[in-house]
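Trainee: what's the 3D shape of this:
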Amino acid sequence: MRPRAEIKLQAKEQFIKNYWPCVAAGLLIGLILAALNSFSGGIAGLILGPAFIIGYNMFSLSVYRGNPKDAGTIFSEVFENFGHKLGGYLWMELFVFLWSLLFIIPGIIKSLSYAMTPFLLDDCREIRAQDALKVSMRMMKGHKWELFVFYLSFLGWHILSLLTLGILGIFMVNPYMATALAGYYEERKLSALAEGVVTEAELRGEPAV
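Mentor: Just a heads-up that it's a prediction; the model follows:
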């Protein structure tokens, strides 16, 4: 697994190379999710939101990989494999919610354990929705604290964003962090495959144990 500093450095370099598409994609996805969540009491956001979130994750992953998609693909691919994305994402949210009922810390731990699920649902399109959660759990076993620290490493950026009333968030923090988190998924997946924690067959849709 590459060190956090190297992942963030690559993410920043690729983000800067694709600065305006990244900013535009982040701004548009924020506006769309806000609109969906305000419509029909949030039902539209519950149904359509996951597909847009996953689409944005895949855009950020393409930026990290150095082969950026057009920001418009977030919208053009929203309904591709829609039921698969929705089912997997809602299944993840349900489990996090149930664990959160046992107090906040178990919910946080489970959210870290399932954090790779939204990426797996589209990056590995043949994987079954429930298996995406299982594979994410295996990928994150022994790495949940590492990911928690990865999140914390952006704390200073978020404070600066608050001080600028969110302007820095729109134009720097949010798209940079999205690219970095996509990079974390990419490096964790490659490491998990190299370590034998997950297999190519599972990522292609064979049942996960």
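
Trainee: Tell me the helices and strands packed up against whichever strand or helix holds Cys22.
Mentor: Here Cys22 sits within helix 19-38, counting by DSSP states H and E. Counting contacts by 3 or more C-beta pairs under 8 Å, 6 or more residues apart in numbering; DSSP states H and E, helix 19-38 packs against helix 43-64, helix 73-76, helix 174-195. In this view, the C-beta of every residue, glycine as well, is placed from N, C-alpha and C.

Trainee: how about JSON lines for the ones you listed, with mean pLDDT, distance to Arg4 and mean neighbour count added?
Mentor: Shown next, in JSON lines, are the helices and strands packed on helix 19-38 (pLDDT from 0 to 100; distance: least, C-beta to C-beta, whole Å; neighbours: other C-beta atoms under 10 Å):
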{"stretch": "helix 43-64", "mean pLDDT": "92", "distance to Arg4": "14", "mean neighbour count": "21"}
{"stretch": "helix 73-76", "mean pLDDT": "80", "distance to Arg4": "27", "mean neighbour count": "16"}
{"stretch": "helix 174-195", "mean pLDDT": "97", "distance to Arg4": "8", "mean neighbour count": "21"}
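
Trainee: Can you give me the buried ones in the helix or strand containing Trp91?
Mentor: Taking DSSP H and E as the criterion, Trp91 maps to helix 82-100. Residues of helix 82-100 classed as buried: His84, Lys85, Leu86, Gly87, Gly88, Tyr89, Trp91, Met92, Phe95, Val96, Trp99 (neighbour count, 16 or more other C-beta atoms under 10 Å).

Trainee: Next, give me the two most distant ones among those residues.
Mentor: His84 and Trp99 (23.2 Å; C-beta to C-beta).

Trainee: can you give me how far the helix holding Cys22 is from the chain middle?
Mentor: 15 Å (C-alpha atoms, centre = their mean, to the nearest Å).

Trainee: tell me the mean pLDDT over that helix?
Mentor: The pLDDT scores in helix 19-38 average 92.

Trainee: contacting residues around it?
Mentor: 15, 42, 44-45, 48-49, 52-53, 55-56, 59-60, 63, 68, 70-71, 74, 170-171, 174-176, 178-179 (C-beta atoms under 8 Å, 6 or more residues apart in numbering).
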